[in-house]
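Visitor: A predicted structure for the sequence below; I have some questions about it.
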Amino acid sequence: MASSDLLSLAGQVAVVTGASAGIGRACAVELARAGADVAVNYHGSREGAEETVALIEALGRRAIPVQGDVGTEGDVARLFDEAERQFGPVDIAVSNAGRQKDAALTDMTLDDWNAVIGTNLTGGFLMAREAVRRFRAKGRRPEVSRALGKLIFDSSVHQRIPWAFHVNYAASKGGLKLLMESVAQEVASEGIRVNAVAPGAIATAINQSEREKAGGMDAMLKLIPYGRVGDPEDVGRVVAFLASDAADYITGQTLFVDGGMVLYPGFKGNG
């Protein structure tokens, strides 16, 4: 089989959470570029989701916007219901939706803590549980994929790097790492592959103000050995790879998409 065939997602159906902008949008578009039809989940921005849908349709693939809160059981089930109703059984699930509510530890409210854990970690659990249930119900489709299903989490370099003044976010991503690995261990024998991507500094709205303030970009680049801030498409392409048969022997792994940030560049020259 040609390597291009191994990378194809033709005939497959994907759901992507938090896909109205940024990394989620890039994941949805790159999955579509590889051939998948995509259910585009969004929480607040219907307009953003429709823009993602338009980008996918311009590639000749089908897409629908589906509103929902990933921290709510019923909304997660409805996302899969809508994808199946429009396109058929789901082959790929990307748990991308995330949020930050930053504060110093002693200023952080319980609501701030619960909001981030609820979206980033509980949302990941609900997506994983629903995806595995749907994969099992679907059964094998060897004509489109060697795996029964592919589940991919969007984690962060902060599953490894501590982050002061962001303890809720770092804790959620650290938890997501072991959620991913534990689920992968549990379902690998069924032919379900579970992996994660861990972005570093990616040019999205969440860090735009930091990048644009005086000296902000220079400070950020000091943390990135490769010398540039990433684009959302850098992450989206890795997600599409992990969803493909080219990655069929990969499960339980986190691929860091960070320009070398987890190499701790501050220690360079101090050996």
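Guide: Structure received.
Visitor: what about the helices in the stretch 1-150 of the chain?
Guide: 3-7, 22-33, 46-58, 73-87, 110-117, 123-138 (DSSP state H, counting those that start in this stretch).
Visitor: other SSEs contacting the third one?
Guide: The one in question is helix 46-58. Under the contact criterion of 3 or more Cβ pairs under 8 Å, 6 or more residues apart in numbering; DSSP states H and E, helix 46-58 touches helix 22-33, strand 37-42, strand 63-67. The C-beta positions use only the backbone N, C-alpha and C, and glycine is treated the same way.
Visitor: and among the ones you listed, the most buried is which?
Guide: strand 37-42 (a mean of 28; mean count of other Cβ atoms under 10 Å).
Visitor: So what touches it?
Guide: Applying Cβ atoms under 8 Å, 6 or more residues apart in numbering, the contact partners of strand 37-42 are 12-20, 24, 28, 31-32, 48-49, 52-53, 56, 61-68, 70, 79-80, 82-83, 86-87, 90, 97.
Visitor: Buried ones among those residues?
Guide: Neighbour-count burial (16 or more other Cβ atoms under 10 Å) applied to the contacts of strand 37-42 gives 12-20, 24, 28, 31-32, 48-49, 52-53, 56, 61, 63-68, 70, 79-80, 82-83, 87, 90, 97.
Visitor: hang on, the earlier thing: quick one, which of the helices and strands packed on helix 46-58 is nearest to Pro162?
Guide: helix 22-33 (21.9 Å; Cβ to Cβ).
Visitor: Just give the number of residues close to the residue lying closest to Val76 once chain neighbours are set aside.
Guide: Nearest non-adjacent residue to Val76, counting by Cβ to Cβ, 6 or more residues apart in numbering: Leu126, 4.6 Å away. Neighbours of Leu126 under the rule other Cβ atoms under 10 Å: 23.
Visitor: Touching, Gly88 and Val13? I think so.
Guide: Yes - using Cβ atoms under 8 Å, Gly88 is in contact with Val13, at 5.7 Å.
Visitor: and the longest helix for this protein?
Guide: Longest among the helix segments of the chain by residue count, using DSSP state H, is helix 167-187.
Visitor: which helices and strands sit right next to it?
Guide: Checking 3+ Cβ pairs under 8 Å, 6+ apart, helix 167-187 ends up next to helix 110-117, helix 123-138, strand 149-154, strand 192-199.
Visitor: Buried deepest among the ones you listed, which one?
Guide: strand 149-154 (a mean of 27).
Visitor: what's the span of stretch 225-240 from first residue to last?
Guide: End-to-end span of stretch 225-240 (Cα to Cα, to the nearest Å): 25 Å.
Visitor: distance between that stretch and the chain's centre?
Guide: Chain-centre distance of stretch 225-240: 13 Å, with Cα atoms, centre = their mean, to the nearest Å.
Visitor: what's near enough to touch the residue nearest to Thr109 when sequence neighbours are not counted?
Guide: Nearest residue to Thr109 in three dimensions, chain neighbours excluded: Ala103, at 7.5 Å (Cβ to Cβ, 6+ apart). Residues near Ala103 by Cβ under 8 Å, 6+ apart: 109, 112, 165.
Visitor: Closest one of these to Pro265?
Guide: Distance to Pro265 across the contacts of Ala103 (Cβ to Cβ) is lowest for Phe165, with 20.3 Å.
Visitor: Skip the chain neighbours and tell me the closest residue to that closest one.
Guide: Ala104 (5.4 Å).
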